[in-house]
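> fold the following.
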Amino acid sequence: MNEGRRLAIAIVLMVVAFILPQLIWPPKKPVQPPAPAADTTAAAPSPAPRPAPAASAPRSSALQARSGPAPVAAETVWVSTPLLKLGFSTAGGELVSAQLLDYRSFARGDSASRAEILGADEPALRARLAAGKDTVDLSQVAFAPSVRELKVGSDSATLSFGGKVGGGFVTLSYTFYQDSYRFSVRGQATGLGSEGAVLLLGLGEGLRSVEADSVDDFRHAGVVTRATKSQILALQSVDSNAVKILDGPFEWAGVKSKYFFLAALAIEDSEPPFAGAIVEGRPRTVTTHSLFGTSHVASRAGVTLTLPVPAVGAFRYQVYAGPLDSRRLSRIGHDLDDANPYGGLVRFIVKPVSQWVVAILLWMHGRLSLAYGWVLVIFGVLVRVLLWPLSQKAMESSVRMQALQPLLEDLKARHKNDPERMQKETLRLYKEHKVNPLGGCLPMLLPWPVLIALFFVFSNTIEFRGVSFLWLPDLSRADPYFIIPIVMGLSMFALSKVGQMGVPPNPQTKTMLYVMPAMMTFLFMRFSSGVNLYYAVSNICSIPQQFLIARRRLQQQGARKTP
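Numbering: from 1, shown residues only. This is a model prediction of the structure:
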């Protein structure tokens, strides 16, 4: 087996080692039996993030803590924009519903409805004010809304809430925009005392799954924060009833699922950053299945942000409730598109290639008005056409290396006891015959960054969510009939078979001819059908070129045999 083929196989095995554990080895963590969710209205755990000292200092305040269930009957005020339908409760002005009108749910039981990313019992933007020894849960306060229903038909519109809190008064104003998943929040509280307070802002317990594969959606769930750089805390890494303190200050922080994102933003100069975040594991579980059995891991985690409120009682921030659309998020700036990372440990390589690939696919889809499946087919052909000259050089180098094999074997036999002499003679032989031992390897690696990037693109890019093609119901999910993975495996076998025409018999090479396609077919069965489609097209387009090189190899062998 020549050096180029060995290196190519090594790269394949590294890719397998990197991706396969994510599919068949989900983490197994012992958790407590399912129990009712912890009360999200409880006071924040101690120690708190950075503003805690100011919040815990004893002082008098007009705010008084309440205990027990909310004594108010809550109503829902609905806000409609071209992109969102939001529901706010009159109990504390919290967000109880967030429907994304351009996206539908694929979850069982509500597949015909719009994507609702908040659970029925898991509101977001639940606010508590901690001033001195008092902590007031605003969800236990009856707020009067400025309107009972709001439709945003112009550039912007505002919904306001106001209510008495002890001896003080709290107002909340939400401003919505016509063509944005963002809205701004302004608050004013009186009676805080001379040292101000801390706003404890709850983001719920993770987003509701609206995907057909809820377990896969759960694997992508996490808490994302941005200080000097973006960081993700996977919800599956948070043990039940455990508490994690994340130190800020944060420009933004939020909770994500596979395709959607709910975040609080402090990205304007007039918006002070969030001091920190508190993540509390919940004793709810999700069952995951793998080749090695069943496991139960914690599925929810309460997320609370802390925001200092000065003595004047004014605070402000923004909220994003929408898709993990990298183009839309990048326009907001502040690295908000990092909430949807590509590549894991090899992100520094995969992310730029992924952005390039996504931009080309979206451009082709828009300009050519073709379905994404046909765009992938054309893209696979184009990549192979562009790489044809480099692949030609790689294959020709492989042919020359094959022709040198008898001479190399003779060198090994003559200098087997003198490795230094054998190495020097080998280099001389390469130079005389103008053969680069790496010439057949490096060009073969060029298609791999695109293939790996496509794996992450189809796993994370919302544009491909729910996109059907021919018999495939969703290009971002595996082929339910396994047709595409089998075609991919057969194309890989055919490519290898043609490539071995004229190659001297080798038991190891013959074994890999069957093992590699079988292994890759098994591996790719759970990959997205879009990745399988691209790889199958790429292999099929490579067969003619491989055949031309193999025929040339046979011709050279015939010429050498002719006296």
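> low-scoring stretches of the stretch 201-350 of the chain, by residue?
Across the stretch 201-350 of the chain, the ranges flagged by pLDDT under 70 are 284-299, 343-346.
> where do the strands sit along it?
Ranges of strands within the stretch 201-350 of the chain are 222-226, 230-234, 243-250, 252-256, 260-265, 274-281, 285-290, 293-298, 301-309, 314-323, based on DSSP state E, counting those that start in this stretch.
> let me have the ones you listed in a markdown table, extended by mean neighbour count and distance to residue 95.
Every C-beta, even on glycine, is put in place using the N, C-alpha and C of the backbone. Shown next, in a markdown table, are those (neighbours: other C-beta atoms under 10 Å; distance: least, C-beta to C-beta, whole Å):
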| stretch | mean neighbour count | distance to residue 95 |
| --- | --- | --- |
| strand 222-226 | 24 | 17 |
| strand 230-234 | 16 | 22 |
| strand 243-250 | 18 | 19 |
| strand 252-256 | 25 | 13 |
| strand 260-265 | 25 | 9 |
| strand 274-281 | 23 | 17 |
| strand 285-290 | 16 | 24 |
| strand 293-298 | 16 | 24 |
| strand 301-309 | 25 | 14 |
| strand 314-323 | 21 | 8 |
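> and of these, who's closest to residue 80?
Comparing the strands of the stretch 201-350 of the chain by their distance to residue 80 (C-beta to C-beta), the top pick is strand 314-323, with 13.6 Å.
> just to revisit the earlier point, export the strands of the stretch 201-350 of the chain to CSV and tack on distance to residue 160?
Shown next, in CSV, are the strands of the stretch 201-350 of the chain (distance: least, C-beta to C-beta, whole Å):
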stretch, distance to residue 160
strand 222-226, 29
strand 230-234, 33
strand 243-250, 27
strand 252-256, 24
strand 260-265, 19
strand 274-281, 23
strand 285-290, 39
strand 293-298, 38
strand 301-309, 18
strand 314-323, 14
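> which among those strands is found nearest to residue 99?
strand 314-323 (9.6 Å).
> so how far is the closest one off the chain centroid?
22 Å (C-alpha atoms, centre = their mean, to the nearest Å).
> tell me the strands beside that strand, with direction?
Strands that pair with strand 314-323, judged by DSSP bridges, come out as strand 182-189 (antiparallel), strand 260-265 (antiparallel).
> tilt between that strand and strand 252-256?
Angle, strand 314-323 to strand 252-256, by axes from the mean of the first three to the mean of the last three C-alpha atoms, to 10 degrees: 30 degrees.
> picking up where we left off before, between the strands of the stretch 201-350 of the chain, which one is closest to residue 106.
For those, proximity to residue 106 was assessed by C-beta to C-beta; strand 260-265 is nearest, at 12.3 Å.
> quick one, strands of the stretch 51-200 of the chain?
Using DSSP E, counting those that start in this stretch, strands in the stretch 51-200 of the chain cover 76-80, 84-89, 95-104, 114-116, 126-131, 134-137, 144-145, 149-151, 156-165, 168-177, 182-189, 197-202.
> packing partners for the shortest one?
Okay, so that is strand 144-145. strand 156-165 (3 or more C-beta pairs under 8 Å, 6 or more residues apart in numbering; DSSP states H and E).
> now render the strands paired with strand 314-323 as a markdown table, adding distance to residue 133.
A markdown table is the format used below for these (distance: least, C-beta to C-beta, whole Å):
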| stretch | distance to residue 133 |
| --- | --- |
| strand 182-189 | 17 |
| strand 260-265 | 26 |
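> among the ones you listed, which is nearest residue 157?
Among the strands paired with strand 314-323, strand 182-189 sits nearest to residue 157 (C-beta to C-beta), with 9.8 Å.
> what does the closest one rub up against?
Under the criterion C-beta atoms under 8 Å, 6 or more residues apart in numbering, residues 63, 86, 125, 127, 129, 165, 168-177, 197, 199, 265, 309, 313-322, 332 lie in contact with strand 182-189.
> bridging residues for residue 183?
residue 176, residue 319.
> burial of it, as a residue count?
Neighbour count of residue 183, defined by other C-beta atoms under 10 Å: 23.
> quick check: pLDDT value at it.
What the model reports as pLDDT for residue 183 is 97.
> check the one 10 residues further on too.
The score at residue 193 is 72. That number is its pLDDT.
> likewise for residue 369?
In this model, residue 369 is scored at 89, pLDDT.
> now for the strands of the stretch 51-200 of the chain, which one comes closest to residue 373?
Nearest of these to residue 373, taken as C-beta to C-beta: strand 95-104 at 19.7 Å.
> measure residue 120 to residue 74 for me?
Using C-beta to C-beta, to the nearest Å, residue 120 is found at 13 Å from residue 74.
> more neighbours, these two?
Neighbour tally, residue 120 and residue 74, criterion other C-beta under 10 Å: the higher count belongs to residue 74, 16 against 9.
> surely the more buried one and residue 91 touch.
Yes - under the criterion of C-beta atoms under 8 Å, residue 74 makes contact with residue 91 at 3.8 Å.
> what segments of the protein are helices?
3-24, 52-56, 214-219, 326-332, 347-368, 372-386, 388-414, 419-432, 442-445, 447-460, 483-499, 507-524, 529-561 (DSSP state H).
> could the ones you listed go into CSV alongside distance to residue 302 and mean neighbour count?
Below are the helices of the chain laid out as CSV (distance: least, C-beta to C-beta, whole Å; neighbours: other C-beta atoms under 10 Å):
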stretch, distance to residue 302, mean neighbour count
helix 3-24, 26, 14
helix 52-56, 18, 17
helix 214-219, 16, 20
helix 326-332, 24, 17
helix 347-368, 28, 16
helix 372-386, 37, 18
helix 388-414, 53, 16
helix 419-432, 63, 13
helix 442-445, 45, 17
helix 447-460, 25, 22
helix 483-499, 40, 20
helix 507-524, 37, 15
helix 529-561, 35, 19
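> any idea which of those helices scores lowest on pLDDT?
When I compare the helices of the chain, helix 52-56 is least confident, with a mean of 35.
> so what's residue 422 closest to, chain neighbours aside?
Excluding the flanking residues, the one nearest residue 422 by C-beta to C-beta, 6 or more residues apart in numbering is residue 415, at 3.8 Å.
> er, residue 234 I mean
Using C-beta to C-beta, 6+ apart, the closest residue to residue 234 is residue 222 (4.7 Å).
> is that neighbour in contact with residue 254, as I believe?
No - using C-beta under 8 Å, residue 222 is not in contact with residue 254, being 9.5 Å away.
> follow-up on the earlier one: any chance of the strands of the stretch 51-200 of the chain in JSON lines, plus distance to residue 246?
Output for those, formatted as JSON lines (distance: least, C-beta to C-beta, whole Å):
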{"stretch": "strand 76-80", "distance to residue 246": "30"}
{"stretch": "strand 84-89", "distance to residue 246": "27"}
{"stretch": "strand 95-104", "distance to residue 246": "22"}
{"stretch": "strand 114-116", "distance to residue 246": "27"}
{"stretch": "strand 126-131", "distance to residue 246": "18"}
{"stretch": "strand 134-137", "distance to residue 246": "20"}
{"stretch": "strand 144-145", "distance to residue 246": "33"}
{"stretch": "strand 149-151", "distance to residue 246": "34"}
{"stretch": "strand 156-165", "distance to residue 246": "28"}
{"stretch": "strand 168-177", "distance to residue 246": "25"}
{"stretch": "strand 182-189", "distance to residue 246": "21"}
{"stretch": "strand 197-202", "distance to residue 246": "14"}
